[in-house]
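1. Here is my input; please provide its structure:
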Amino acid sequence: MRPLTRTGVVQPAISLFDQGIVSLTPFLASVLVGRMNSQEEFGFYVLGVTIVALLVELQTALISSPYMVYSPRLRGLKRAQYAGSTLILQLALGGAAAVVLALAAVALAVFGRPGEGLTPVLGALAVVIVFILLRDFIRRVAMARLEMEGALVIDMAVAALQLAGLAAMAALGALNAPVAHIMIGSACAVASLVWMHRNRHRFEPSMSRARRDFLLNWSMGKWLFASGLLWALGIHAYPWILAALHGAEAAGIWGACLGALSLVVVIQGGVTNWLGPKIAITYAREGPAPLRRFVFRAAAGFAAVLAVLCSVLMLFADRVLAALYGEIYASSGIVLAIMAVSVIARGAAFCFSRGLFAIERADVDFWINIIPLAILGTFGVWAISVHGAEGAAVALLASHTIASVARGIALAVLLHSLVAADRGVPVNRMQP
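-> Modelled structure (predicted):
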């Protein structure tokens, strides 16, 4: 896999196409599972998806984001050693997640019927979660080097294997929530293991060095980890609260709307895959003043593009849901419309958040992430209990908007101080 050195629109275009693959694959999976099963079974599938999303967010905060910050400052053997350390940490996290999921499945099986529908989903995830997380780790490694072509190759392989497995299970009439997660994880396993074998020269793992590098990651990653945990809880708790208060069917409605949002998230994710490393590299190579210009221009442009796309989706929300998941979901168009507006705020918030990470102020991002969780725990719970999925969408929109504004203000103040102090470019300031 050759490094991608072209600039201009090539890397963002490849990243956009790659994210199209990444977003389209789970989108098609959700449509298959949604159409082949009841709303309740689809709801259990959605709850499993949120568990995976939560673990991916934690992995990103604890391992991938520090790698994106520190890796551009390294060359040669030092980069390979640091990559080896992060691989060890990633596998340890995946193993711990598998153990916790297995214990949770056993606990639900032993202690009561409320967990009956979720028990097989937890068991399936316990089997495959290591490989799902490994696939995401590989993507982040490629993107940290701006090797968008490499990320595209593995994502195309995963997509082909995953969709073939899901289609086969659907044809056999055996596609339910746990089977879908097994197929997804199996595809990740095959593609990831092949990639690791072909790229093993990139990693120089050492247990003793992994401990040292973990402490380095933790110096920044503890705030990324805490911030990511708060952010993930503030996002992924919604379907769980819906299921607790209104049943798994309500979680199914939420999942259908999230699936329909993939039509916009494909653009959002493609841009963020390129923007994240670009923001880190801009600060590492050029300093705070260029970072300030780049981040705020990127946030404005990103929000404008998302606003156009979301406006189209809002106009046809009912029809989109009915066409994708069936007429039973058509009446939930208002939920999709409200959720679409929240995507605009998330686009700007991403730029501000990565700017804070680049200047190693993840602690500020952590405190701001208390806002969405506080909104969920107060207004959100009331809105969900009274208005169901519609109330959840309104609470999500409020939390995204307020947190995005807070991030923008915080980043502007901090960058103003850095520029005024003329601290220069922090290259090699903290090397593993």
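
2. which secondary structure elements does the worst-scoring helix or strand of the chain on mean pLDDT contact?
-> When the helices and strands of the chain are scored by mean pLDDT, DSSP states H and E, helix 65-70 comes last with a mean of 73. Using 3 or more C-beta pairs under 8 Å, 6 or more residues apart in numbering; DSSP states H and E, the elements in contact with helix 65-70 are helix 76-111, helix 119-144, helix 207-246, helix 248-286, helix 333-358. (Glycine included, C-beta is placed from N, CA and C.)

3. Pull out the buried residues from the first one.
-> Going by neighbour count (16 or more other C-beta atoms under 10 Å), the buried part of helix 76-111 is 79-90, 93-94, 97-98, 101-102, 104-105, 108.

4. List the residues that contact Leu321.
-> Residues near Leu321 by C-beta atoms under 8 Å, 6 or more residues apart in numbering: 256-257, 260, 329-330, 332-333, 336.

5. Next: Ala243.
-> Contact analysis of Ala243 by C-beta under 8 Å, 6+ apart lists 43, 47, 250-251.

6. just Gly252 next, same as before
-> Here Gly252 is in contact with 34, 39-40, 42-43, 46 (criterion: C-beta under 8 Å, 6+ apart).

7. burial measure for Asp363, as a count.
-> For Asp363, the count of nearby residues is 15 (other C-beta atoms under 10 Å).

8. In this structure it contacts Phe357, no?
-> No. In this structure Asp363 lies outside contact range of Phe357 using C-beta atoms under 8 Å: 10.6 Å.

9. pLDDT below threshold where in the stretch 51-200 of the chain?
-> 69, 72, 74-75, 112-116, 146 (pLDDT under 70).

10. one more time with 50
-> Low-confidence segments of the stretch 51-200 of the chain (pLDDT under 50): 115.

11. Can you tell me how far the closest residue to Arg135 other than its chain neighbours is from Thr272?
-> Spatially, and ignoring its direct neighbours in sequence, Arg135 is nearest to Cys188 (3.9 Å; C-beta to C-beta, 6 or more residues apart in numbering). Per C-beta to C-beta, to the nearest Å, Cys188 is found 21 Å from Thr272.

12. for Cys351, same thing?
-> Separation of Cys351 from Thr272 (C-beta to C-beta): 9 Å.

13. Which residue of those two possesses the greater neighbour count?
-> Neighbour comparison, Cys351 and Thr272: the larger count goes to Cys351, with 28 against 21 (by other C-beta under 10 Å).

14. Tell me if I'm right that that one and Phe302 touch.
-> Yes. Proximity of Cys351 to Phe302 meets the contact threshold set by C-beta under 8 Å, at 6.3 Å.

15. between the two, what contacts are shared?
-> Contact criterion C-beta under 8 Å, 6+ apart; residues shared by Cys351 and Phe302: Leu275.

16. tell me the secondary structure for Pro205?
-> Put simply, Pro205 is coil when judged by DSSP: H, G, I helix; E, B strand; the rest coil.

17. what's the burial count for it?
-> Other residues within reach of Pro205, judged by other C-beta under 10 Å, total 17.

18. and it, what are its phi and psi?
-> Note on Pro205: its backbone torsions stand at phi -70, psi 140 [degrees, to the nearest 10].

19. dump the residue contacts of the residue nearest the centre of the chain.
-> With distances taken as C-alpha atoms, centre = their mean, the residue of the chain nearest its centroid is Glu57 (5.5 Å). Residues in contact with Glu57 (C-beta under 8 Å, 6+ apart) are 228-229, 231-232, 236.

20. Return the member of the residues you listed nearest to Pro372.
-> Of all those, Pro372 sits closest to Trp231, with 6.9 Å by C-beta to C-beta.

21. The closest residue to that closest one other than its chain neighbours and Ser23, how far apart?
-> Leaving aside its sequence neighbours, Trp231 sits nearest to Asn369 (C-beta to C-beta, 6+ apart; 4.7 Å). For Asn369, the distance to Ser23 equals 24 Å [C-beta to C-beta].

22. Have a look at these two and say which one is more surrounded.
-> Asn369 (25 against 21).

23. quick one: contacts for that one?
-> With contact taken as C-beta under 8 Å, 6+ apart, Asn369 is in contact with 227, 230-231, 234, 403.

24. at 10 Å instead, please
-> Listed by C-beta atoms under 10 Å, 6 or more residues apart in numbering, the contact set of Asn369 reads 226-234, 353, 362, 399, 403, 406-407.

25. Between all of those residues, which two are separated the most?
-> Farthest pair in those (C-beta to C-beta) is Ala362 and Ser399. Separation: 19.2 Å.

26. ok, the contacts of Gly252 vs Val312, which is closest?
-> Proximity of those to Val312 (C-beta to C-beta) peaks at Gly34, which lies at 22.1 Å.

27. separation between the closest one and Arg211?
-> For Gly34, the distance to Arg211 equals 45 Å [C-beta to C-beta].

28. same question, Glu57
-> To Arg211, Glu57 is 24 Å away according to C-beta to C-beta.

29. Same question for Gly48.
-> Distance, Gly48 to Arg211, using C-beta to C-beta: 33 Å.

30. So between those two, which is more surrounded?
-> Shown here are Gly48 and Arg211; by other C-beta under 10 Å, Gly48 has more neighbours (22 against 12).

31. Ser71 touches Ile63, doesn't it?
-> No. Using C-beta atoms under 10 Å, Ser71 makes no contact with Ile63, being 11.4 Å away.

32. Pull up the overlap in contacts between the two.
-> Residues touching both Ser71 and Ile63 (C-beta under 10 Å, 6+ apart): 86, 140.

33. who has more neighbours, those two?
-> The neighbour count for Ser71 versus Ile63, taken as other C-beta under 10 Å, is higher for Ile63 (27 against 23).

34. Isn't the more buried one up against Tyr82?
-> No. Look at Ile63 against Tyr82 with C-beta under 10 Å: they stay out of range, at 11.3 Å.

35. what do those two both touch?
-> Listed contacts common to Ile63 and Tyr82 are Asn217; contacts here mean C-beta under 10 Å, 6+ apart.
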